[in-house]
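# turn this into a structure:
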Amino acid sequence: METNSQRPIIAAMIGDPAGVGPEVCVKAIATGEPQRLCRPVLIGDADSLNRAIETSGLNLTLQVVRSLDQARFDDRTAVVLDPGNLKPDEYTTGKPSAAGGRAVVRWIRLADELANAHAIDGWIMAPVDSTSLKLAGEVANIDDLQPPQTWMFRISGPLRVVPITEHIRIREVPQTVTRQAVFNLIRRVDETLRRWGIAAPRIGVSGLNPHAMFEEDVNEIAPAVREASERGINCKGPISPDSIFRHGLDGHFDAIVSMYHDQGQIALKSAAFEGACTIYLGLHFVRLSVPHGTAMDIAGKGQAQHLSMLAALKTAALLAAGKGFLKEL
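Now for the predicted structure:
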């Protein structure tokens, strides 16, 4: 039987302290479910977490530490690594702030430092606020928080999709659909899924055009799929974009490579929203984010749903341990 010390350490950066991030983090920990799979740690402001516990009426105690060496893990205690770089009078719940934006960027850097030093096995980014980031002047937009040389692998139950590009204009999409780009991502998905515990990943590759019948599909995507297959990767495509995501929902693929952001996102968000999360491919550790925003309008009211954070914590724990994907929430 696996002991507590053998379980991976998974951190959750609490997100903007003025938003719902602190609330969804403590609600997820209070279920006791993540603790069965990992040793969870919260990174961020302890004051905002205490307020969230009180507002939500949770039976949860915080253990505030400045180093993970001080952490004691048990089901009714949430370990909080608080660097002490944010004061309570520097922000107001429900309102973006420069102080909140600065703190978030520092907490993200701390989480990455811990992961790169193998002090934690993975971490999750709770919702951050674009206005707070702009007020802080730390980054131009939320996209700048994505680690370089990574892809955003989004999952919602059995549907798991990763696009070759993110937020670009639709008119620019065709020129990014190249044989090399498609092949590189297929190979990255195969390698990563194997590391996460999927022994023989089944990868579906979407076409770009209706019925996958035009130039990009024939001259770029199809040759990339053939090359990957010749190298022993179990992949199929290009498959018509109007049917491939249905195949994913039915469990026929472990992952689907899509040709642009909205192609897969529309399918994912139509299928389900609560419980979904995003994983960054291309890192040696597991890093996730949740698909919702800071919801400043309901922050501090105890109304935020925590299912996405709960799914992210459990998914990160399983993947870090090489046990595959979460079967159910």
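# list the buried residues in the lengthiest helix in the chain.
The residue-count maximum for a helix in the chain (DSSP state H) belongs to helix 98-116. The neighbour-count check on helix 98-116 (16 or more other CB atoms under 10 Å) flags 98-108, 110-112, 114-115 as buried. (Glycine included, C-beta is placed from N, CA and C.)
# mind giving me the domain ranges of the chain?
Domain assignment for the chain by automatic domain parsing gives 4-149+281-320, 158-269.
# which of these is buried the deepest?
domain 4-149+281-320 (a mean of 20; mean count of other CB atoms under 10 Å).
# gap between that domain and the chain center?
Offset of domain 4-149+281-320 from its chain centre (CA atoms, centre = their mean, to the nearest Å): 12 Å.
# and if you look at stretch 181-190?
The chain centre lies 19 Å from the centre of stretch 181-190; the measure is CA atoms, centre = their mean.
# who touches it?
The contact list for stretch 181-190 (CB atoms under 8 Å, 6 or more residues apart in numbering) reads 151, 153, 162, 164, 201, 203, 205, 220-221, 224-225, 227-228, 231, 233-235, 255, 257, 281-282.
# swap the cut-off to 6 Å and go again
For stretch 181-190, the external contacting residues (CB atoms under 6 Å, 6 or more residues apart in numbering) are 164, 201, 203, 221, 224, 227-228, 233, 235, 255, 257, 281.
# out of those, the closest to residue 49 would be?
residue 281 (29.8 Å; CB to CB).
# what about stretch 84-100, start to end distance?
Separation of the first and last residues of stretch 84-100 by CA to CA, to the nearest Å is 13 Å.
# quick one: mean pLDDT for it?
Across stretch 84-100, pLDDT averages out at 94.
# hmm, back to that, narrow the contacts of stretch 181-190 to those in strands?
Here DSSP state E is the test, and the contacts of stretch 181-190 give 203, 235, 255, 257, 281 as lying in strands.
# go through the residues you listed and name the one nearest residue 211.
Once CB to CB is applied, the member of these that ends up nearest residue 211 is residue 257, at 17.6 Å.
# shouldn't that closest one be in contact with residue 205?
Yes: between residue 257 and residue 205 there is a contact at 4.7 Å, judged by CB atoms under 6 Å.
# of all the domains of the chain, which lies closest to residue 326?
domain 4-149+281-320 (4.8 Å).
# what sits opposite the residue nearest the centre of the chain in the beta ladder?
Closest to where the C-alpha atoms of the chain average out (CA atoms, centre = their mean) is residue 288, at 2.3 Å. With DSSP bridges as the criterion, residue 288 is bridged to residue 124, residue 279.
# picking up where we left off before, which of the buried residues of helix 98-116 lies closest to residue 324?
For the buried residues of helix 98-116, the nearest to residue 324 is residue 115 (20.5 Å; CB to CB).
# ok, the closest residue to that closest one other than its chain neighbours to residue 311 distance?
Spatial nearest neighbour of residue 115, chain neighbours left out: residue 285 (4.2 Å); criterion: CB to CB, 6 or more residues apart in numbering. Applying CB to CB, to the nearest Å, the value for residue 285 to residue 311 is 18 Å.
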